[in-house]
Each structure stands twice: as structure tokens, then as C-alpha cells.
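Trainee: Okay, here's the prediction I keep looking at, along with the sequence it came from:
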Amino acid sequence: MAVFSAKMGKRLILAVVLLGAAAGGFAYWDHSSGFESTDDAQIDGNVHPVSSRVSGTVMQVLVNDNQYVEAGAVLVVLDPKDYQVELNKSKADLAEAEATTMADRTQVPIVSTTSTSQLYGAEAVVLEAKANISAAEKQEAAARARVISAQALVLQAKANADRAARDLDRYKVLLAKDEISQQQYDAAQAAAVAQRAQWEASQAQQQEAEQAIHVAHSQLELQEARLVKAQADAKSAETGPQQVAATRAKADSTAAKVLQMKAQVEQSELSLSYTTVKAPVSGVVSQKSVQVGQIVQAGQPLLSVVPLDDIWATANFKENQLARMRVGQKVRIAVDAYGGREYEAHVQSIAAATGSRFSLLPAENATGNYVKVVQRVPVKIVLEKGQDKEHVLRPGMSVIPTVYVR
């Protein structure tokens, strides 16, 4: 009987151990299958780059790295003088355009009442120009006749000069042989000089006559141009209504230019306002790369503002961890920087593609040397409100999120 009781006791103990092991295994399975976790996660947030919208010299830098600023706070001030001058010029151009518009509008009735008198005046100028053209043609013809006469005189004078030069050459030989006197030679030399001078004088007369042709021809062209203009003026005066319409259209054009100048003034005012660089959002200043005296260009980054009120966690879960993961599920985030301090959160969204698809050089799996690699999918996890009042979390911090998928 005692042996039977000992055997029963051993069996009971074994049964209790087996039941305990089974319960522990079930509990471990239930716990491990109830959540998904990864250490490939970090805090994310928006980084607002602040760039210069205009070029200029930095006059003031009013913030430092890691300084908290409110939205709209002045960060950097550029030298506004150039843009103030541009604004003044735009305003002057606007005033000029407005004055021109007013003048053009007053021209409409004036053109309407003076077109008839312009027609009479143009016809008189036409007659005068025709008379002047006739006189200029006569002057040109007379000048051409003088040129022909001067050309004949040039030929004659050249022939005389050539003959006198040849005679001088012969007298020079005879003088060397003492066959003529020095007086005869001097007379021949004087005659050669005189004939040469006569030839040059006749050439000058020819040039003067040719110049007279050019003058007469220029006068003729001038009178012809006056005639053409007078005829055009007469034709224009005949179209009084069309001139009035054209003048009105010009007035409308200058009125449109006034609008254009107003837009330019607004643009200049904007450019002037851009010399004061303000914070786009409330946050902490980071990556400050601007100094007083620096010349910056439009679009050049100056600093960044990181708002700490809107941060979240991005967790890159393996694709085989997403089977039961859904939007809205509870998440507990442990932050490495603060000894595993935990924050409550929830799944806000799951990315539309794996991280490798967004890389600069996505993997090409159709190359023939494919090796299966477990991919990771970014999951956006948003903290519950009011948990980071001190703003101790910073984008880039490593975290370990645990998503409760059951």
C-alpha cells in the first residue's frame, strides 16, 4: 500500500510539472505572438529649412544654434538699401506711367479736332517738297556737268604736266653737256612746277565738283524724304477717325502699363520685405550657417527650424511582422537616450512600399543572381498627446517600439 502511494505521488508531481510547463509555454506563446517589436526605429520630425529669398549682405543674425524661436520671429536681416532703391525707382516709374496715361487720354479730343488742319498743312508741305525736289535735281545736274568739265581740265592739266616733266628731263641732260644755259633749265623747271600745280588745282576743282554732286544728291534725298513724310502725313490726316481710335488704344496701352508698374512696385515691396528673414514655425534653430557680413544668394540655406511639438517615430518592421499590424493599434515606445523611458503611442500609417524601393538605387531582382532578402516597411507611429511636454525627444533618436497586434 505504501508503494502504491509513492507511485501515485510521483505521477501526481510529474503531472503537475507537465501542466506547469504547458501553461508556461502557452503563456510565452500567447505573449510573444501578441506584439511585434524592432530596434530599427528612430524619432522623426519636420525640419524646416530657412533660405534667403533674395541676394544681399547679412547685416544682423539674431539667433544662435539650439535657440527656441516663435513663428514669425526675425532670424536674419539683410542689407535693404538696394531693394529700397529698387522700390523707389518702381514708384517713380509708376508715377511716370500714370502721368503718361493722363497725357495720352487728353490727346484723344485734341487729335479729333486737329486732323483737318494737319491735312491742309501736310498738303502744303507736299507742294513745297516737290518744288524743292525739282530745284535739287537741277542742282545735281549742274554739278554733274561741272564734274565733266573738271575731268576734262584734269586730263588737260595732266598732259601739260607730263610734257613739262619730260622737257625738264631733257633739259637736265643738255645742261649737263653745257648745250643750254642755266637760265633755260630754270625756266623749264619753273614751267614743270607750274604745270604740276595746275594739274593739282584741276584735281581739287574736280573733287569740289564731285562733292557738290553729293551735296545736291543729299539735298534731293532729304526733299524726297520730306515728300514721303508729307504724303504720309496727308494720308494719316485723311484717316481722322482711325487716328482717334489709335490714340485711344495708346491711352489704353499706357493704362495697362500703369497696372504693370503697380505690379512691379508690389514685387519691389516683396523683395524689400524678404530682406527680413523670419521663422516659418515655432521650433529650435539648427544648422545655422550664416554670419554677419556674409553675402548670400537667393535660395541659399541659412539655417533650419525644427518644431518639437510635432514629432513621431518611424519603425522599419520586417515584412513578415506586418501580417497582423493595423492602423490604430497600441504601441509602447522605449527611448534609448533616457534609459528605456517608455511612451504611449499608436500606429498612424503603414508606408506604401518597402524602404529599398525609395532608395537612390533600388534593387533589380531580374538580373539572374537573385538572393531573397527580408525587406523592411516603414511604419509611422504617433505619440499620444501630452507625453512630451518638456520636448526632450529629438528627431534621430533611437527607439524600440512594441506594437500590440492582438
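Mentor: Great, that's in hand.
Trainee: In the stretch 151-300 of the chain, where is pLDDT below threshold?
Mentor: The stretch 151-300 of the chain contains residues with pLDDT under 70 at 236-241, 244.
Trainee: which stretches of it form strands?
Mentor: Under the criterion DSSP state E, counting those that start in this stretch, strands of the stretch 151-300 of the chain are mapped to 276-278, 283-286, 295-296.
Trainee: For those strands, could you give me a markdown table that also reports distance to Val265?
Mentor: C-betas here are computed from N, CA, C, even on glycine. Shown next, in a markdown table, are the strands of the stretch 151-300 of the chain (distance: least, C-beta to C-beta, whole Å):
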| stretch | distance to Val265 |
| --- | --- |
| strand 276-278 | 18 |
| strand 283-286 | 34 |
| strand 295-296 | 25 |
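Trainee: Let's have these in JSON lines, adding mean neighbour count and distance to Ile350.
Mentor: Putting those into JSON lines (neighbours: other C-beta atoms under 10 Å; distance: least, C-beta to C-beta, whole Å) gives the following:
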{"stretch": "strand 276-278", "mean neighbour count": "17", "distance to Ile350": "37"}
{"stretch": "strand 283-286", "mean neighbour count": "19", "distance to Ile350": "27"}
{"stretch": "strand 295-296", "mean neighbour count": "16", "distance to Ile350": "41"}
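Trainee: And the ones you listed: which comes nearest Arg332?
Mentor: Closest to Arg332 of these, according to C-beta to C-beta: strand 283-286, at 26.4 Å.
Trainee: mind listing what that closest one pairs with, with the direction of each?
Mentor: strand 68-69 (antiparallel), strand 301-306 (antiparallel) (DSSP bridges).
Trainee: ok, then the element right after the first one?
Mentor: Stepping forward along the backbone from strand 68-69, the first helix or strand reached (DSSP states H and E) is strand 74-78.
Trainee: Tell me which other helices or strands that next one touches.
Mentor: In terms of contacts (3 or more C-beta pairs under 8 Å, 6 or more residues apart in numbering; DSSP states H and E), strand 74-78 is packed against strand 56-61, strand 276-278, strand 301-306.
Trainee: Let me have these in CSV, extended by distance to Ala164.
Mentor: Listed next are those as CSV, based on distance: least, C-beta to C-beta, whole Å:
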stretch, distance to Ala164
strand 56-61, 82
strand 276-278, 92
strand 301-306, 91
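Trainee: which one of those is the most hemmed in?
Mentor: strand 301-306 (a mean of 20; mean count of other C-beta atoms under 10 Å).
Trainee: angle of it against strand 74-78?
Mentor: Counting by axes from the mean of the first three to the mean of the last three C-alpha atoms, to 10 degrees, strand 301-306 lies at 170 degrees to strand 74-78.
Trainee: Return strand 301-306 as CSV; C-alpha atoms alone will do.
Mentor: Taking C-alpha atoms only, strand 301-306 is exported to CSV below (Å, rounded to 0.1, in the frame of the first residue of the first chain):
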residue,chain,number,x,y,z
PRO,A,301,20.1,77.8,-47.0
LEU,A,302,20.8,79.9,-43.9
LEU,A,303,19.6,77.7,-41.0
SER,A,304,16.8,75.2,-40.1
VAL,A,305,14.0,75.3,-37.6
VAL,A,306,12.9,72.0,-36.0
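Trainee: right, and the strands paired with strand 283-286 - which one's nearest Ala353?
Mentor: Of those, the one closest to Ala353 (C-beta to C-beta) turns out to be strand 301-306, at 26.5 Å.
Trainee: what element comes up after the closest one heading to the C-terminus?
Mentor: Sequence order places strand 311-318 as the next helix or strand after strand 301-306, per DSSP H and E.
Trainee: sorry, back to before: for Asp336, find the nearest of the strands of the stretch 151-300 of the chain.
Mentor: Each of the strands of the stretch 151-300 of the chain has some distance to Asp336 by C-beta to C-beta; the shortest is strand 283-286, at 20.5 Å.
Trainee: what separates stretch 298-318 from the chain centre, distance-wise?
Mentor: Taking the mean of its C-alpha atoms, stretch 298-318 sits 29 Å from the chain's own mean (C-alpha atoms, centre = their mean, to the nearest Å).
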